[in-house]
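A.B. asks: kindly return the folded structure for what I paste below:
(2 chains)
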Amino acid sequence: MIKIGMIIGDRYEILEKIGTGGMSDVYKAKCHKLNRYVAIKVLKQEFSENTNFVSKFRVEAQAAAGLMHPNIVNVYDVGEEDGIYYIVMELVEGITLKNYIEKKARLSVKEALSIAIQVSMGIEAAHNNHIIHRDIKPQNIMISKEGKVKIADFGIAKAATSNTITSNVMGSVHYTSPEQARGGFSDERSDIYSLGCTMFEMLTGRVPFDGETTVAIAIKHIQEDMPSPREYVSEIPVCVEQIIFKCTQKSPDRRYQSMGELIVDLKKALITPDEDFVKMVPFDAGGETRTISEEDIAEIKQRTDRIDLDAPMRLKDREVRKNSYSPKDEEEEEKPEKPVRQEQVSSKYKPVVEEEPDDMDEEDDEEEYEDDDMDPKMERITTILAIVAAVIIGILALVLVANALGVFKSSPKADSNITQDETTDESKVKMISVVGMNVEDAKKALNDIGLGTSVRKEESDTYEVNQVISQDVEEGEEVDMHSTIALVVSSGSNGVAVPNVTGQEEAAAKSTLEAAGFKVNVTQSSSDSVQEGLVISQDPTADSKAENGATITLTVSTGPEVKKVKVPDLRGMTESAAKSKLAEYGLNCGTVSETYSDTVTEGCVVSQSYSPDSEVDEGTSVNIQLSVGPEKHTYKYVTTLNAPSGYTSGNVTVTITASDGTTRSFTASSFPCAVNETGFNVSSGTLTYSYTATTMQTVIDSETGEETEEPITEDVTTSPVTVQFEQE
Amino acid sequence: MLKSYSETNIGRKRQLNQDYVFSSGKPIGNMPNLFIVADGMGGHKAGDYASRYTVETIEREIKASFEKNPSIIIQKAIRTANKEIRQRASEDPNLYGMGTTVVVATVIGRYLQVANVGDSRLYIANGQEIRQITRDHSLVEEMVRLGGIKREEARLHPDKNIITRAIGAKDDVDIDFFTVELRPSDRILMCSDGLTNMVEDQDILKVLNEHQDDKTLVETARALIDTANQNGGKDNIAVVLIKPFADEVKK
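C.D. replies: Presented below is the predicted three-dimensional model:
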């Protein structure tokens, strides 16, 4: 259990609880090594007990720890201590986007777009590292006090658990994509859907789909059309609404295919809100042509209109003759490779669903009927789709090849900022940053993008010899190809600035100084104000200059002058009694762990890390072990039941009911009957068995007076007898 | 004569067994017999506390009831258990958020009376078929019922673990009741999702068919548990097997 004041990982002091979620609690903590505040997300106990989940959680968190981006709540560290799993993250002081929207009722178009762009950039950085969030929602987006937008919980938000949870503790499904609601394959485009829902909420102050139950909402995501945000807020520009529609298409193939594409449109919407630039994907590449409805036909009509084929218009008309199709269609239709093309379409992404008419479901029947009905038309529609698909695949292939050859992008480093619409003039290049690089590396990097260099040396305290201090063209500016960039390069310095190490731990201070080229001499002194082990003062003082190799004398605190105290006997006390006892003696309670004990009552102290009456420094942490009761053993019951009187033959059914309710029952064919039941969790239970008893009874025939002996059988069940099990 | 066997198994991945079963072929209060399966949830010790406490409360309440109608007896017992679980959870922070599923069953003459909350299940099987009597109160199952997704999609849905009803989840609990007429060859299986998530219905039937003779209820139950563990044993497994008319079939 995490407690306030506890130190985990030898460096994080838990300060306060700042939040709680379905799977974890979040604490504010102080990292004593780096002297900064952090947020620590601690996995709840019920999930840490699930080994499957924990390993998944760790892998995902480690992947997220590799992500560094200004729009992502950065993950610093992942750890485990005494079965407590935690993630150390950047502490963002601020509120969630959810609260922010609630406060303002709804956001202006400009503000919503600007937030959406920042969120998109964060998501894009993650997607570039193949990390999918899977739970983008306003609750996971933080607005810091400085107004920065940061996405939390990358990689860990939806680490799948098999633990049973109730739907009322489950996270929101208001932003979940149809493929996630279905439980199907989810990818980067699922994040795009969720971001679309988030944008809807920013602009209208309401979620797109609402309902009484989780189930109802999830189904709406699958089945219902996205409502129009402009119906709620008429001043939303058409293009912004279209961006939302494109993000929230039911089929992932019809959404934006990457965050990059979305960012381009978001930026355009910010600059030219009145233009119509959002390109809806004009065909359904998901292979979902199986169920066709009126709407679909309308949609197909629309699609084909765009590519200037009027044939589908006539599809609606059953009287239409084959020769009314354009010759192009005819030709295409007869080509045998049609199915191959369709395969190509669907192989790009996993199809969301494969419908198999397996059920005798009424609905399915209906669909099938419709299928049959549409069949002749369908053939043509799929043909047209196949042409469109082939064309688009061709374009895609071109784009991919072009990408690979670097036609669209000048340098991989600038990827996240360059968007595809910026048609960079061939003769211009975008300047990169080489500040801090070694001058040779910098020259090479600039030559690689077609720029020359000139070098001027300058003394510097902050840059090492040969490090680039500055460049005369700013990063991101466009410069003519083959122009010369003037670089200022460090020639080192005469004196080295002494870094400030006061307040740091001795080891950290030493390594900082040594890294700066100094020797270190340490003296010790007690201090009431400076914590033990931290540097009280340094000579020469910080920010003065000293020669390379000079000796810096550090005065390190040995802590306040300490009093010795005798350790009280805590054994047998409850946890809280032990803690107040320790406080009374001026001692701290260290870690509290649990152990089995046959003698000490559950919840009471079994042992302490310093024996009673030993002398320790005041303020020492005493660890205690609490009893969790006796160790669990398993028990067996072994015996042989002999035939009771009256038994002659027949089956015996033996039932053993352990005191925890576990029941074992078996049937033997006769007495004596061997019982060997193992694996009980408790040490006693009851035994009962049933059998058929036979007694002979004299029967007198009333007519003849003849006496005969007849067996009378009776089912006997013994009353339960308490039995003790043996420990295994 | 009714025969029964029950067992729980921790499975292969969990450190705690949060499943709890009760089985009595003998009368409990006004009920001729009583079988309960509960699958607890909640951190640390809360989950096993919830399932055990719920089962014990239901048993106690049924024992003490003067009602004659079995569904009323069961309904009252479950509601009391829900209230007490809520109460305990509010008193003890370690138990906060605990809950449990529960299936309660009793065989009265030719009829089986079942009550269900959550996603533990009751099946009736004979040589030919296996029928799930209870309806899971799970997100995925409800989406199938409402037509949001298909049965096939539900089978591999990652959110299968989310249930929509549980003892301890809300102040009021909705209970499903089922009454089924039994056939002589029927066997009843009650189990937690630790079995059904690991073993398909048809494979359960296969195991049951391989152990037709009613002498082997123990082996049947163990075979089911073994199969679940062989398939991964991701969760605790609870199994109650009931042969309602064991001897009659033989004659």
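A.B. asks: tally of neighbours for B:Gln113?
C.D. replies: Look at B:Gln113: counted by other Cβ atoms under 10 Å in any protein chain shown, it has 19 neighbours. For every residue, glycine as well, the C-beta is placed using N, CA and C.
A.B. asks: I meant to write A:Gln724 there.
C.D. replies: The tally of other residues near A:Gln724 (other Cβ under 10 Å) stands at 9.
A.B. asks: again, but for B:Gln230
C.D. replies: A total of 11 residues lie near B:Gln230 under the criterion other Cβ under 10 Å.
A.B. asks: do the same with B:Ile237
C.D. replies: Neighbour count of B:Ile237, defined by other Cβ under 10 Å: 32.
A.B. asks: for the one 3 residues further on, same thing?
C.D. replies: By the other Cβ under 10 Å criterion, the neighbourhood of B:Val240 contains 26 residues.
A.B. asks: contact residues of the stretch 51-200 of chain B facing chain A?
C.D. replies: With Cβ under 8 Å from any Cβ of the partner chain as the criterion, the stretch 51-200 of chain B meets chain A at residues B:52, B:55, B:97, B:99, B:101, B:119, B:139-140, B:142-143, B:146-154, B:156-166, B:169-170, B:193, B:197.
A.B. asks: let me see the ranges of the strands in chain B.
C.D. replies: Secondary structure of chain B (DSSP state E): strands at B:3-9, B:19-24, B:34-41, B:99-108, B:111-117, B:121-125, B:130-132, B:162-163, B:176-181, B:187-191, B:237-243.
A.B. asks: sheet partners, orientation included, of the last one?
C.D. replies: This means strand B:237-243. According to DSSP bridges, strand B:237-243 has the following sheet partners: strand B:3-9 (antiparallel), strand B:187-191 (antiparallel).
A.B. asks: report the angle between the axes of that strand and strand B:111-117?
C.D. replies: In terms of direction (axes from the mean of the first three to the mean of the last three Cα atoms, to 10 degrees), strand B:237-243 departs from strand B:111-117 by 170 degrees.
A.B. asks: with the third one instead?
C.D. replies: Strand B:34-41 runs at 20 degrees relative to strand B:111-117, counting by the same axes, to 10 degrees.
A.B. asks: which helices and strands sit right next to strand B:34-41?
C.D. replies: Applying 3 or more Cβ pairs under 8 Å, 6 or more residues apart in numbering or on different chains; DSSP states H and E, one finds that strand B:34-41 makes contact with strand B:19-24, helix B:46-64, strand B:99-108, strand B:187-191, strand B:237-243.
A.B. asks: the ones you listed into CSV, with extra columns for mean pLDDT?
C.D. replies: Output for the helices and strands packed on strand B:34-41, formatted as CSV (pLDDT from 0 to 100):
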stretch, mean pLDDT
strand B:19-24, 93
helix B:46-64, 93
strand B:99-108, 95
strand B:187-191, 96
strand B:237-243, 94
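A.B. asks: nearest to A:Ile236, of those?
C.D. replies: Set against A:Ile236 and scored by Cβ to Cβ, the helices and strands packed on strand B:34-41 come closest in strand B:99-108, at 42.4 Å.
A.B. asks: doesn't B:Met190 make contact with B:Arg121?
C.D. replies: Yes: the pair B:Arg121 / B:Met190 is scored as a contact, 7.2 Å apart, by Cβ atoms under 8 Å.
A.B. asks: when these two are compared, which one has more neighbours?
C.D. replies: Legend: neighbour count by other Cβ under 10 Å for B:Arg121 and B:Met190, higher for B:Met190 (28 against 23).
A.B. asks: wait, doesn't that one sit right on B:Phe35?
C.D. replies: Yes: using Cβ under 8 Å, B:Met190 is in contact with B:Phe35, at 5.9 Å.
A.B. asks: mutual contacts of those two, please.
C.D. replies: Listed contacts common to B:Met190 and B:Phe35 are B:Val21, B:Ala105, B:Val240, B:Ile242; contacts here mean Cβ atoms under 8 Å, 6 or more residues apart in numbering or on different chains.
A.B. asks: closest one to chain A out of the residues you listed, please.
C.D. replies: B:Val21 (6.4 Å; Cβ to the nearest Cβ).
A.B. asks: number of residues surrounding the nearest residue to the closest one once chain neighbours are set aside?
C.D. replies: Spatial nearest neighbour of B:Val21, chain neighbours left out: B:Ser6 (4.4 Å); criterion: Cβ to Cβ, 6 or more residues apart in numbering or on different chains. For B:Ser6, the neighbour count with other Cβ under 10 Å is 25.
A.B. asks: list the contacts for B:Ser6?
C.D. replies: Taking Cβ under 8 Å, 6+ apart as the test, what B:Ser6 contacts is A:Thr662, A:Thr663, B:Val21, B:Phe22, B:Ser23, B:Phe35, B:Ala221, B:Ala238, B:Val239, B:Val240, B:Leu241.
A.B. asks: again, 10 Å this time
C.D. replies: Residues near B:Ser6 by Cβ atoms under 10 Å, 6 or more residues apart in numbering or on different chains: A:657, A:661-665, B:21-24, B:35-37, B:190, B:217, B:221, B:238-242.
A.B. asks: put the buried members of these into a PyMOL selection.
C.D. replies: In PyMOL, a selection of the buried entries from the contacts of B:Ser6 looks like this (16 or more other Cβ atoms under 10 Å in any protein chain shown):
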select buried, (chain A and resi 657+661+662+663+664+665) or (chain B and resi 21+22+23+24+35+36+37+190+217+221+238+239+240+241+242)
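A.B. asks: just the strands paired with strand B:237-243: most buried one?
C.D. replies: Among the strands paired with strand B:237-243, strand B:187-191 has the highest mean neighbour count (mean count of other Cβ atoms under 10 Å in any protein chain shown), at a mean of 26.
A.B. asks: returning to that earlier point: looking at the strands of chain B, which is nearest to A:Asn99?
C.D. replies: Shortest distance between A:Asn99 and the strands of chain B, using Cβ to Cβ, is found for strand B:162-163: 25.4 Å.
A.B. asks: now for that closest one, which elements pack on it?
C.D. replies: If you count contacts as 3 or more Cβ pairs under 10 Å, 6 or more residues apart in numbering or on different chains; DSSP states H and E, strand B:162-163 packs onto strand A:165-166, helix B:139-145.
A.B. asks: out of these, flag the one nearest A:Ile192.
C.D. replies: Among these, helix B:139-145 comes nearest to A:Ile192, with 22.7 Å by Cβ to Cβ.
A.B. asks: hmm, who's touching that closest one?
C.D. replies: By Cβ under 10 Å, 6+ apart, the residues outside helix B:139-145 that reach it are A:165-167, A:170, A:173, A:181-183, A:213-216, A:218-219, A:222, B:119, B:135-136, B:138, B:148-165.
A.B. asks: one more time with 6 Å
C.D. replies: A:Ser167, A:Thr214, A:Val215, A:Ala218, B:Ile149, B:Arg151, B:Ala154, B:His157, B:Asp159, B:Lys160, B:Ile162, B:Thr164 (Cβ atoms under 6 Å, 6 or more residues apart in numbering or on different chains).
A.B. asks: next one: stretch A:513-526
C.D. replies: Defining contact as Cβ under 6 Å, 6+ apart, one finds that stretch A:513-526 is touched by A:496, A:499, A:510, A:548, A:550-556, A:558, A:561.
A.B. asks: I'd like to know which of those residues are buried.
C.D. replies: With burial judged by 16+ other Cβ under 10 Å, the buried subset of the contacts of stretch A:513-526 is A:Val496, A:Pro499, A:Lys510, A:Ile552, A:Leu554, A:Thr555, A:Val556.
A.B. asks: still on that earlier bit, ok, which pair from the contacts of stretch A:513-526 is furthest apart?
C.D. replies: Across the contacts of stretch A:513-526, the longest distance by Cβ to Cβ is 37.8 Å; it joins A:Asn548 and A:Glu561.
A.B. asks: noted, bye for now.
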